[in-house]
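Peer 1: whatever this is, show me its structure:
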Amino acid sequence: METARTYGIEIHEELLIKLTENSWSPALGYGPVKELLSRTRNFTALFAFNDISAVGAIRALHEAGLQIPDDVSVIGFDDVLGAPLAFRA
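Peer 2: The predicted structure follows:
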């Protein structure tokens, strides 16, 4: 957030998700994105904590009827070995 502010990128606090744990389970992204979707759908991209949390986020987005990447672009972060297979549309 500090870097975004340095470059004049506006931060919308209502679109932030605070993770309460660090895990290697897709649940890390699933629950928080479900909660985000209950607050708003006013976003077109999601930057996930890591690739595994991105898998959970994508599941939550699909369950909400959203298409990846047409409705929401999802970015993972750590390039796990199976990422190319997991993120194929």
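
Peer 1: distance of the nearest residue to A64 once chain neighbours are set aside from G31?
Peer 2: Nearest-residue entry for A64: L37, 5.1 Å, with adjacent residues in sequence omitted and distances by Cβ to Cβ, 6 or more residues apart in numbering. (Each C-beta comes from the backbone N, C-alpha and C, glycine too.) With distances taken as Cβ to Cβ, to the nearest Å, L37 is found 11 Å from G31.

Peer 1: overlap in contacts of these two?
Peer 2: Shared contacts of L37 and G31, defined by Cβ atoms under 8 Å, 6 or more residues apart in numbering, comprise A60.

Peer 1: about what we covered before: on the three-state scheme, the residue nearest to A64 is what?
Peer 2: helix (DSSP: H, G, I helix; E, B strand; the rest coil).

Peer 1: so what's it up against?
Peer 2: A60, L61, A64.

Peer 1: got the contact list for I52?
Peer 2: Counted by Cβ under 8 Å, 6+ apart, I52 has contacts S23, W24, S25, P26, L28, G29, G76, V80.

Peer 1: and with 6 Å instead?
Peer 2: W24, P26 (Cβ atoms under 6 Å, 6 or more residues apart in numbering).

Peer 1: quick one: least confident helix or strand in this protein?
Peer 2: One helix or strand of the chain scores below all others by mean pLDDT, DSSP states H and E: helix 83-86, with a mean of 64.

Peer 1: helices of the protein, residue ranges please.
Peer 2: Applying DSSP state H to the chain gives helices spanning 2-6, 27-39, 51-63, 83-86.

Peer 1: what about the closest residue to F47 other than its chain neighbours, how many neighbours?
Peer 2: Counting by Cβ to Cβ, 6+ apart, F47 lies nearest to I75, which is 5.0 Å off, once chain neighbours are set aside. Neighbour count for I75, taken as other Cβ atoms under 10 Å: 13.
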